[in-house]
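Student: What follows is a predicted structure for the sequence shown.
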Amino acid sequence: MIEVIHDIEKQKFYAVIDDLESHLEYVKVNNVLNLIHTYVPNALRGKGIASKIVKVALTYAEENNLKIIPSCSYVAAYIQRHKEYEELLVL
């Protein structure tokens, strides 16, 4: 199981697996999270880690009545595949 940690101070959601960090960075302004960058080391790609981190971030936004801007192309593609999160988008 992948444990995703939210570091509010550093504005990122991350997971450490085999001493390697995967993360989703964001910038929060008022009630909006601008999800700007997703990173997974090459050795860990293809294992669903980025997907899990993005899901945790979107659930956090949903539970805290926040909107999102998917500046990261991976996040934008994730939302296209998971339409239930479209309501979080800033219009």
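Tutor: Nice, thanks for sending it over.
Student: confidence score at residue 1?
Tutor: On pLDDT, residue 1 comes in at 84.
Student: for this structure, what spans make up the helices?
Tutor: For the chain, the helices defined by DSSP state H cover 49-63, 73-81.
Student: residues of the longest one that come out buried?
Tutor: Under the neighbour-count criterion of 16 or more other Cβ atoms under 10 Å, helix 49-63 has 49-58, 60-61 buried. Where C-beta positions appear, they are placed from N, C-alpha and C, glycine not excepted.
Student: With the last one instead?
Tutor: Taking 16+ other Cβ under 10 Å as the neighbour-count basis, helix 73-81 is seen to contain the buried residues 74-75, 78-79.
Student: Identify the residues contacting the spatially most central residue of the chain.
Tutor: In the chain, the residue lying closest to the centroid (Cα atoms, centre = their mean) is residue 54, at 3.1 Å. By Cβ atoms under 8 Å, 6 or more residues apart in numbering, the contact list for residue 54 reads 24, 35, 38, 74-75, 78.
Student: got JSON lines for these, with distance to residue 45 and pLDDT too?
Tutor: Output for the contacts of residue 54, formatted as JSON lines (distance: Cβ to Cβ, whole Å; pLDDT from 0 to 100):
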{"residue": "24", "distance to residue 45": "15", "pLDDT": "99"}
{"residue": "35", "distance to residue 45": "19", "pLDDT": "99"}
{"residue": "38", "distance to residue 45": "11", "pLDDT": "98"}
{"residue": "74", "distance to residue 45": "11", "pLDDT": "98"}
{"residue": "75", "distance to residue 45": "16", "pLDDT": "98"}
{"residue": "78", "distance to residue 45": "15", "pLDDT": "98"}
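Student: Cool, thanks, signing off.
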